[in-house]
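Colleague: Just the structure for this:
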Amino acid sequence: MITNADYRSREAWLPPLAVMALLLLLGLGGEPVREALRYDAGAIAAGQWWRLLTGNLVHLGWWHLFLNEVGLLVLVLLCPEKLAWSVWLRRLVLIGLGMSAGLYSFVPDTGWYVGMSGVIHGLFVLGLGRQIVAGRDLIAAGCLAYLIGKVGWELYAGVPVSDETAIGGQVLVESHLYGSLSALIYGLIFGAFRGVETFRRPRNGAGPPGPPARETK
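Modeller: Numbering: from 1, shown residues only. You can find the predicted model right below:
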């Protein structure tokens, strides 16, 4: 666990709980909201670029939504970080856009896609990566190795049929890959692996950050 953060901290929980509430609210909108916001390659090609982001916020159904909500809960328990709301927003936006851009560019036969699992994989990469780099945490290293192995196995062998039956649709495993890669690039650019991240990009050549500090508003 990140040494300067506490999973019981109110600051560590508020942003992810807000994301969970947003996912639930959109879920209540049912099929009309899902069709309006889902990743849709044809609609994106026609100029509806917002779908690159909003497709991560809607789900196939309640069980699919529940699994991603649980994923966010586990993220905070394993990787609690006291991050500013602006940093959380930047992470969600850039990882989500990176994941969707990966699908659009390299998986062109993807008709449409919904779900936040790709972004959540990326958030785990950031959280576990910081514990490894900044905290030398061997347990986090084991968890990250499992995550990498899981993604690799999914790409090679696919996911169990039972998982797809449960969520009511096909699991697009490439989303997990591109979400993770987007987070890796993000972490290297914004210094997320070296210390508590602020909204400002670290200067080139800057040394390790000083005492952890949260961005003020």
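
Colleague: Now Tyr39. Its backbone dihedrals?
Modeller: Main-chain dihedrals, Tyr39, degrees, to the nearest 10: phi -60, psi 120.

Colleague: ok, now which ones touch the closest residue to it other than its chain neighbours?
Modeller: Once flanking residues are discounted, Tyr39 sits nearest to Gly55: 2.9 Å by Cβ to Cβ, 6 or more residues apart in numbering. Backbone N, C-alpha and C define where each C-beta goes, glycine included. By Cβ atoms under 8 Å, 6 or more residues apart in numbering, Gly55 lies in contact with 37-40, 100, 112-115.

Colleague: which stretches of this protein have low pLDDT?
Modeller: Low-confidence segments of the chain (pLDDT under 70): 1-5, 161-162, 164, 196, 199-217.

Colleague: how about 90 then?
Modeller: Regions of the chain meeting the criterion pLDDT under 90 cover residues 1-11, 81-82, 110, 134-136, 157-171, 194-217.

Colleague: can you give me the strands in it?
Modeller: Remark: strands assigned in the chain by DSSP state E are 39-40, 112-113.

Colleague: before we move on, the earlier item: which of the contacts of Gly55 has the most neighbours?
Modeller: With neighbours taken as other Cβ atoms under 10 Å, the top of those is Ser100, carrying 28 neighbours.

Colleague: neighbours around the closest residue to that residue other than its chain neighbours, how many?
Modeller: Nearest residue to Ser100, sequence neighbours excluded (Cβ to Cβ, 6+ apart): Leu52, at 4.0 Å. Residue neighbour count, defined by other Cβ under 10 Å, stands at 18 for Leu52.

Colleague: residues in contact with Leu52?
Modeller: Each residue near Leu52 by Cβ under 8 Å, 6+ apart is listed here: 39, 44, 96-97, 100-101, 104.

Colleague: Those: which two are farthest apart?
Modeller: Farthest-apart pair in the contacts of Leu52 is Ile44 and Gly96; separation 13.4 Å (Cβ to Cβ).

Colleague: higher neighbour count, these two?
Modeller: Gly96 (23 against 19).

Colleague: ok, that one touching Asn56?
Modeller: Yes: here Gly96 lies in contact with Asn56, judged by Cβ atoms under 8 Å, at a distance of 4.4 Å.

Colleague: Can you check which residues contact both of those two?
Modeller: Counting by Cβ under 8 Å, 6+ apart, the common neighbours of Gly96 and Asn56 are 118-119.

Colleague: List the buried residues in stretch 79-95.
Modeller: Within stretch 79-95, the residues scored as buried using 16 or more other Cβ atoms under 10 Å are 79-84, 87-88, 90-92, 94-95.

Colleague: returning to what we had before: most widely separated two among the contacts of Gly55?
Modeller: Among the contacts of Gly55, Asp40 and Gly115 lie farthest apart (Cβ to Cβ), at 13.6 Å.

Colleague: Could you measure from the residue nearest to the spatial centre of the chain over to Ala134?
Modeller: The residue lying closest to the centre of the chain (Cα atoms, centre = their mean) is Val119, at 2.4 Å. As judged by Cβ to Cβ, to the nearest Å, Val119 and Ala134 stand 22 Å apart.
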